[in-house]
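Novice: What shape does this take:
(chains A and B)
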There are 2 protein chains.
Amino acid sequence: MTDKQVLAAVLLIGDELLSGRTRDINLSEIAKFLSPLGVSVAECRVVRDKQDEIVAAVNHLRGRYDYVFTTGGIGPTHDDITADAIAAAFNLHIDVRADALAIIEDWYAKSKTPLTESRKRMARVPEGGSLIANPVTGAPGFQTGNVFTLAGVPKIARAMLEDVAHRIEGGAVTHSRTVATNGLREGDLADGLGDLAKAYPEVSIGSYPYFFEGPDGEIVRGTNLVARSTDEVLLNDVTGKLADLSRSVGGKPVIDPPDAK
Amino acid sequence: MTDKQVLAAVLLIGDELLSGRTRDINLSEIAKFLSPLGVSVAECRVVRDKQDEIVAAVNHLRGRYDYVFTTGGIGPTHDDITADAIAAAFNLHIDVRADALAIIEDWYAKSKTPLTESRKRMARVPEGGSLIANPVTGAPGFQTGNVFTLAGVPKIARAMLEDVAHRIEGGAVTHSRTVATNGLREGDLADGLGDLAKAYPEVSIGSYPYFFEGPDGEIVRGTNLVARSTDEVLLNDVTGKLADLSRSVGGKPVIDPPDAK
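Specialist: Below you'll find the model as predicted:
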């Protein structure tokens, strides 16, 4: 682990995310998984199931960030084109690979499910790629250079990350603290926040207004102040000052409430 | 309304989405809002609160798509830099604008909230931009060319869309139907699906495996088949054939189940 900043990008592949039919969970799960490893997600893209769009995004992101995580499009059906797109992006040969096929054959034999030609497609892995274990449904993901290709189903994607952690060389870990204050609006805090942000350039300070329905049906509004830094001493200083700021304008701040990460 | 395909991009702005702290809702809400207007979301990007990254994304997306929707970064605090970034992307002057300021003054006067200098920042709108009404918290969004800049808080973003609809010239509306079958896996259906996709090139057919916990704690797995097309006659044909396919491999398909959109 080094002190340098290590950045990742996430590429979500699939028409269903862009149609609004499915709401993505993978971005936040990947970000929360990477954060304690010292890797911050710096960009995310969502593209359609179109090979040229996947290729363009993969090639842009893998050149710009230390790691890239793709989700989606590695199943057995005609719309699963991610493996071929990754191979095209890296200009690598792709075919059914014996090591991946052996895993899939073994999995389906155990579950007494016929291994159709379509299911064999899930053993298509770019030449030289290294497999990523899938303890949920068998068919593996794969790593190609700095690009990790995971399934789209969140339970499977999350499980695959366990076989990714040991391949990641992270940097300094970014920690975060939250100061939540019901009743305060962003505008009550903005001047003080701007001053704090200037005084502590090593700490990123964000301000996020929220609304929720209270127990009697009333709308509760408030603001979460979130400080993030690799320096925990500075971070604790700033957290205290954010709470002071909240009190100075009449708020009753709660530090790190259980429902805020 | 024309028959051409009208495409939009969504640009989500904010560190909190990339840290995993907040899970985005706006992409799916915007997509579901645009779909009946005849506009399909073709790409989404999530970028940090960094002006150069916002500018680069806005300029790429506005050149490539008919419409762009940004969310986030138009509040009163130091990390709200979207308005300035949009002005920079279009090379437009930006300052506090009298029309926006009047709306905000009026709103805060009614709610007896002090209009601080920070709150006045929310009246910073690029020169020539047209305001978008915010019935939730007053401070407006704005339209600059083909780019609509909305708030990040989902309730506010959704409300602002109501003042966007009349500005959109949509194309052919894409309809969708879902055939859900508990118990079937993608691999059971893949061969038939590939054949159908080839036979109906005007209909996009997607296959989405799912898992959920049943009433007795058991894991139910199944597959949603989703057909999308601007041609409702073809779409109904394909929906029937998808149900036939599901039955042919032993499934009991449900067409358009209430929890699938």
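Novice: Next to chain B, which bits of the stretch 101-250 of chain A? Give me the list.
Specialist: By Cβ under 8 Å from any Cβ of the partner chain, the residues of the stretch 101-250 of chain A that approach chain B are A:113, A:116-119, A:121, A:153, A:155, A:174, A:176, A:185-191, A:193-194, A:197-198, A:204-211, A:226, A:228. Where C-beta positions appear, they are placed from N, C-alpha and C, glycine not excepted.
Novice: Report the buried members of those residues.
Specialist: The neighbour-count test (16 or more other Cβ atoms under 10 Å in any protein chain shown) marks A:118-119, A:121, A:153, A:174, A:176, A:185-191, A:193-194, A:197, A:204-209, A:226, A:228 as buried among these.
Novice: Let's see which of those end up in strands.
Specialist: Residues from those lying in strands, with DSSP state E as the criterion: A:S176, A:S204, A:I205, A:G206, A:S207, A:Y208, A:P209, A:V226, A:R228.
Novice: Show the contacting residues for the first one.
Specialist: Think A:S176. Going by Cβ atoms under 8 Å, 6 or more residues apart in numbering or on different chains, A:S176 touches A:V226, A:A227, A:R228, A:L235, A:K261, B:S19, B:R21.
Novice: check which helix or strand covers the last one.
Specialist: Under DSSP states H and E, no helix or strand contains B:R21.
Novice: Surely it is in contact with A:V226?
Specialist: Yes - between B:R21 and A:V226 a contact is recorded at 6.6 Å, counting by Cβ atoms under 8 Å.
Novice: Against A:T82, how distant is A:K4?
Specialist: Going from A:K4 to A:T82 by Cβ to Cβ, to the nearest Å gives 30 Å.
Novice: These two: who's more crowded?
Specialist: Set A:K4 next to A:T82 and count neighbours by other Cβ atoms under 10 Å in any protein chain shown: A:T82 wins out with 28 against 12.
Novice: any idea which element A:L12 lies in?
Specialist: Secondary structure assigned from DSSP H and E places A:L12 in strand A:6-13.
Novice: repeat for A:E105
Specialist: Under the criterion DSSP H and E, the helix or strand holding A:E105 is helix A:98-110.
Novice: Counting by contacts, list what that helix packs against.
Specialist: For helix A:98-110, the elements it packs on are helix A:117-120, strand A:130-134, strand A:138-144, judged by 3 or more Cβ pairs under 8 Å, 6 or more residues apart in numbering or on different chains; DSSP states H and E.
Novice: and the helix or strand that the last one is followed by, which strands flank it?
Specialist: It refers to strand A:138-144. Taking DSSP H and E as the definition, the helix or strand that follows strand A:138-144 towards the C-terminus is strand A:147-150. As defined by DSSP bridges, the strand partners of strand A:147-150 come to strand A:67-71 (parallel), strand A:138-144 (antiparallel).
Novice: centre of the chain versus strand A:147-150, how much separation?
Specialist: In terms of Cα atoms, centre = their mean, to the nearest Å, the gap separating the centre of strand A:147-150 from the centre of its chain is 12 Å.
Novice: re earlier: A:E169 is nearest to which of the strands paired with strand A:147-150?
Specialist: Closest approach to A:E169 among the strands paired with strand A:147-150 (Cβ to Cβ): strand A:67-71, 9.2 Å.
Novice: pLDDT on that closest one, on average?
Specialist: Mean pLDDT, strand A:67-71: 98.
Novice: hang on, the earlier thing: among the ones in strands among the buried ones among the residues of the stretch 101-250 of chain A next to chain B, show me the least confident.
Specialist: Taking pLDDT as the measure, these have their low point at A:P209 (88).
Novice: Can you name the residues that contact that one?
Specialist: Listed by Cβ under 8 Å, 6+ apart, the contact partners of A:P209 are A:R185, A:E186, A:R221, A:G222, A:T223, A:N224, B:G75, B:V153.
Novice: hang on, isn't the last one packed against A:F211?
Specialist: Okay, so that is B:V153. Yes - under the contact definition of Cβ under 8 Å, B:V153 touches A:F211, with a separation of 7.0 Å.
Novice: show me what contacts the closest residue to A:G75 other than its chain neighbours?
Specialist: Once its chain neighbours are removed from consideration, A:G75 has its nearest residue in B:E186; the separation is 5.0 Å (Cβ to Cβ, 6 or more residues apart in numbering or on different chains). By Cβ under 8 Å, 6+ apart, B:E186 lies in contact with A:G75, A:P76, A:T77, B:S207, B:P209, B:T223.
Novice: Now do the contacts for A:A88.
Specialist: Listed by Cβ under 8 Å, 6+ apart, the contact set of A:A88 reads A:Q51, A:V55.
Novice: ok, back up a step: tell me the residues that contact both of B:V153 and A:F211, please.
Specialist: Counting by Cβ under 8 Å, 6+ apart, nothing touches both B:V153 and A:F211.
Novice: Could you list the domains of chain A?
Specialist: If the domains of chain A are taken from automatic domain parsing, they occupy A:6-167, A:175-255, with pieces of a single domain joined by a plus sign.
Novice: Tell me which of the ones you listed sits most buried.
Specialist: Per residue and on average, the most neighbours among the domains of chain A fall to domain A:6-167, with a mean of 20 (mean count of other Cβ atoms under 10 Å in any protein chain shown).
Novice: Determine how far the last residue of that one lies from the first.
Specialist: In terms of Cα to Cα, to the nearest Å, the two terminal residues of domain A:6-167 are separated by 13 Å.
Novice: Roughly how far does A:A102 sit from A:T239?
Specialist: Relative to A:T239, A:A102 is positioned 52 Å away (Cβ to Cβ).
Novice: Grab the nearest non-local neighbour of A:P257.
Specialist: With Cβ to Cβ, 6+ apart as the criterion, A:P257 has its nearest non-adjacent residue at 4.8 Å, and that residue is A:A180.
Novice: Can you report phi and psi for the one you found?
Specialist: phi -100, psi 140 (degrees, to the nearest 10).
Novice: I'd say it and A:R221 touch.
Specialist: No - in this structure A:A180 lies outside contact range of A:R221 using Cβ under 8 Å: 11.6 Å.
Novice: one step back: can you tell me which of the helices and strands packed on helix A:98-110 comes nearest to B:A31?
Specialist: When the helices and strands packed on helix A:98-110 are ranked by proximity to B:A31, the top entry is strand A:138-144, at 26.7 Å, counting by Cβ to Cβ.
Novice: I'd like the distance from the closest one to the chain centre, please.
Specialist: When distances are taken as Cα atoms, centre = their mean, strand A:138-144 is centred 17 Å away from the chain's centroid.
Novice: Now do that strand and strand A:130-134, the angle between them.
Specialist: Angle, strand A:138-144 to strand A:130-134, by axes from the mean of the first three to the mean of the last three Cα atoms, to 10 degrees: 140 degrees.
Novice: That'll do, ta.
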